[in-house]
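Colleague: need a 3D model of the following:
(one chain, ligands or ions: 1)
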Amino acid sequence: MNDRPGPRAVDPADWTPWPREYADTYRAAGLWTGETFPAFLRDRAARFGERTAVVDGDLRWTYAELDRRADALAAGLSRLGVRAGERVVVHLPNVASLFEVVFALFRLGALPVYALPAHRRSELLHLAGTAEAVALITTDLQGAFDCRPMAARVRAEIPSLEHVVVVGEAGDEEGVTALEALRAEPDTAILAEPDPGSVAFFQLSGGTTGLPKLIPRTHDDYLYSVRASADICGLDTDTVYLTALPAVHNFPMSSPGFLGVLHAGGTVVTAPDPSPATCLPLIEREHVTHTAVVPPVAMLWMDAVEHGSQGERDLSDLRVLQVGGATFPPEAARRVAPVLGCALQQVFGMAEGLVNYTRDGDPDEVVTGTQGRPISDHDEILIVDDRDHPVPDGEPGHLLTRGPYTIRGYYRAPEHNAVAFTDDGFYRTGDIVRRHPSGALVVAGRAKDQINRGGEKIGAEEIENHLLAHPAVHDASLVALPDPYLGERTHAYVIARGEAPTRGELLAFLRERGLAAYKIPDRVSFVDAFPATAVGKTSKRDLRAARTTSGTDH
Ligand code: OOB
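Modeller: Have a look, this model is predicted:
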């Protein structure tokens, strides 16, 4: 270990633990059990040792092997200088190494910060900077994109970031180490025993104001949601789960996701991408029983099966297709069972906590027409008007929630927390919901300034700020454009300063700033002025309505 002073540890001033009386209640009710991530894998390895935990292509790891690998990698990361309490940005696609990496970090007591594989320099700089990360673990190539020069640049710009570790070839950038070269003799002296009430890792918010926020999740709260989700979804040692979505997202991680599967002793099969060409053959070959997708992917799979574009695939082992992350139109929902021959489960969740599921045994109209009900009896749900007063039952209103796995505050974001949470600790989800007569929730809209592009969340302000950085942009406003396939796409309205840049120039400028590709606006219109609200703010509602009638598209 080296003796540099190191970045600040995660202390209670940086996040908002649950008030004592709530923590006591959740413990007394047996929801928070004191289980921690390092102990979780040790325990499952002892119980399910020779069962297959992870399948990635031709590679198969048992629980015992995953456990050994986590120890060896923890020793290697410790030698590199990563210590308990430090943050490490994990920027990995769906590969087996993702699992050994995260459990190695847990073993060390280091905290993963989960970047999405689609994230690029701009997002990684923000994450590594906000978390004061000491290391970034990425991959060599994502298709044609070389992550190594990007990672090296992030390292050069973030003072705390000492190491870049790469799954695959290290290449010749300075300060980049290959993961393979790291593994060392396991060392029990470095194993952490974290407090179960402490922060275990960070996930990302979809973002509404400025840049995405870091979401601190504790061992106690997250593992409760994992166990309860595995239970609701009926997972057991026969479960074979396909991670079709990026595994670091909350949905495929814990709803019930790969952690739910490892909890129950099942097998996680990784898919490099969610396309039918990749996933349908994998479902057949690996006898997949459960998987989770976003609505556009579900539609692609149904079309592929109906049109036979992937040949005759035997999907008869598939029992449940989970669909969530964005609105799944009821017409599409009704096609799942007849076309794919499996049950549909709708999942409405958020990285901040609350997850709702439709349940096995729910009537068809609930499964196809609602987004389910919360995991826990301890999830408190309020549906309120603009003044926080409850709306009449069945009417749409803002969804506020509080509970045993919903955070009480973002990390190092006191100003945002003041608006994103009520004084008594309810999280303002920004979603408009109504209660179905069955008691389940129906997502009816959204109040937050975010665009949901087929499950990928885009904070309007973040993109507007990038556009405003262009010297020829006077003002910019990003709104949702309805889309039959993705649900929504992005439409940027721009007021130019002097001569307008071309659309191509503007998009190239955004790419140059290192933005994830899904955040690049789908459409750009140049206008002379924005419609204004009564108080003079840009009226996004009017902009959305003006969509096809005004402005010049380039
Ligand atoms: C999931 O998590 P996030 O953090 O990427 O996004 C959360 C937001 C929700 O607030 C809501 O606006 C939207 O995504 N959303 C849905 C939905 N599920 C999520 N909107 C309509 N229908 C649904 N079924 O997206 C997420 C996390 C865990 C499990 C599932 C999804």
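Colleague: how about the residue of the chain found nearest the ligand: what's its closest non-neighbour residue?
Modeller: Residue nearest to the ligand within the chain: residue 349 (2.6 Å; CB to the nearest ligand atom). C-betas here are computed from N, CA, C, even on glycine. Spatial nearest neighbour of residue 349, excluding adjacent residues (CB to CB, 6 or more residues apart in numbering): residue 355 at 3.6 Å.
Colleague: number of nearby residues for the one you found?
Modeller: Taking other CB atoms under 10 Å as the neighbour definition, residue 355 ends up with a count of 26.
Colleague: repeat that for residue 314.
Modeller: Number of residues near residue 314 (other CB under 10 Å) recorded here: 12.
Colleague: tell me which helix or strand the residue nearest to residue 349 sits in.
Modeller: When secondary structure is defined by DSSP states H and E, residue 355 falls within strand 353-357.
Colleague: just checking, next helix/strand downstream of that strand?
Modeller: Towards the C-terminus, the helix or strand next in line after strand 353-357, according to DSSP H and E, is helix 364-369.
Colleague: tell me where the stretch 1-150 of the chain has helices.
Modeller: Applying DSSP state H, counting those that start in this stretch to the stretch 1-150 of the chain gives helices spanning 20-28, 37-48, 63-80, 96-108, 121-131, 147-157.
Colleague: now do the fourth one: distance to the chain's middle.
Modeller: To tie it back to what came earlier, the one meant is helix 96-108. Centroid displacement of helix 96-108 relative to its chain, using CA atoms, centre = their mean, to the nearest Å, is 17 Å.
Colleague: still on that earlier bit, I figured the residue nearest to residue 349 hits residue 225, correct?
Modeller: Yes: between residue 355 and residue 225 a contact is recorded at 6.5 Å, counting by CB atoms under 8 Å.
Colleague: what sits in contact with each of those two?
Modeller: For the pair residue 355 and residue 225, residues contacting each of them under the criterion CB atoms under 8 Å, 6 or more residues apart in numbering are 254, 255, 375, 405.
Colleague: kindly report the residues of the stretch 151-300 of the chain close to the ligand.
Modeller: With CB under 6 Å from any ligand atom as the criterion, the stretch 151-300 of the chain meets the ligand at residues 206, 250, 251, 255.
Colleague: so how far is residue 531 from residue 544?
Modeller: For residue 544, the distance to residue 531 (CB to CB, to the nearest Å) stands at 10 Å.
Colleague: which residue sits closest to the residue nearest the centre of the chain, ignoring its sequence neighbours?
Modeller: For the chain, residue 249 is the residue whose C-alpha lies nearest the centre (CA atoms, centre = their mean; 2.6 Å). Distances taken as CB to CB, 6+ apart place residue 116 nearest to residue 249, at 6.8 Å, with adjacent residues excluded.
Colleague: do the same with residue 114
Modeller: Computed as CB to CB, 6+ apart, the closest residue to residue 114 that is not its neighbour in sequence is residue 248, at 4.0 Å.
Colleague: what pLDDT is listed against that neighbour?
Modeller: Confidence per residue is given as pLDDT, and for residue 248 that number is 97.
Colleague: do the same with residue 265
Modeller: Reading off the per-residue confidence, residue 265 sits at a pLDDT of 98.
Colleague: how many other residues sit next to it?
Modeller: For residue 265, the neighbour count with other CB under 10 Å is 18.
Colleague: go on, residue 403?
Modeller: Burial of residue 403, expressed as a neighbour count using other CB under 10 Å, amounts to 25.
Colleague: for my notes, confirm the residue of the chain closest to the ligand occurs in a strand.
Modeller: Yes: the assignment for residue 349 (DSSP: H, G, I helix; E, B strand; the rest coil) places it in a strand.
Colleague: what sits against it?
Modeller: Neighbouring residues of residue 349 by CB under 8 Å, 6+ apart: 250, 251, 255, 324, 355, 356.
Colleague: surely the first one meets residue 203?
Modeller: Yes: the pair residue 250 and residue 203 passes the contact test of CB under 8 Å, sitting 5.8 Å apart.
Colleague: need the overlap of contacts for the two.
Modeller: Residues touching both residue 250 and residue 203 (CB under 8 Å, 6+ apart) are residue 351.
Colleague: wait, residue 154 touches residue 128, no?
Modeller: Yes: using CB under 8 Å as the test, residue 154 is close enough to residue 128 to be in contact (5.9 Å).
Colleague: so what pairs up with residue 56 in the strands?
Modeller: With DSSP bridges as the criterion, residue 56 is bridged to residue 59.
Colleague: just give me the neighbour total for it.
Modeller: By other CB under 10 Å, the residues close to residue 56 number 19.
Colleague: repeat that for residue 362.
Modeller: Close neighbours of residue 362, defined as other CB under 10 Å, add up to 19.
Colleague: equivalent analysis for residue 306, please.
Modeller: For residue 306, the count of nearby residues is 12 (other CB under 10 Å).
Colleague: repeat that for residue 518.
Modeller: Burial of residue 518 is recorded as 17 neighbouring residues (other CB under 10 Å).
Colleague: wait, a helix at it?
Modeller: Yes: the assignment for residue 518 is a helix, going by three-state DSSP.
Colleague: is it true that it touches residue 118?
Modeller: Yes: when contacts are counted by CB under 8 Å, residue 518 is listed as touching residue 118 (5.8 Å).
Colleague: between those two, which contacts overlap?
Modeller: residue 456.
Colleague: which residues does residue 470 contact?
Modeller: 501, 506, 509.
Colleague: that's a strand at the second one, yeah?
Modeller: No: Residue 506: not assigned to a strand; according to three-state DSSP it is helix.
Colleague: if we can go back for a sec, and of the helices of the stretch 1-150 of the chain, who's closest to residue 423?
Modeller: Between residue 423 and the helices of the stretch 1-150 of the chain, the tightest spacing by CB to CB is seen for helix 20-28, at 14.7 Å.
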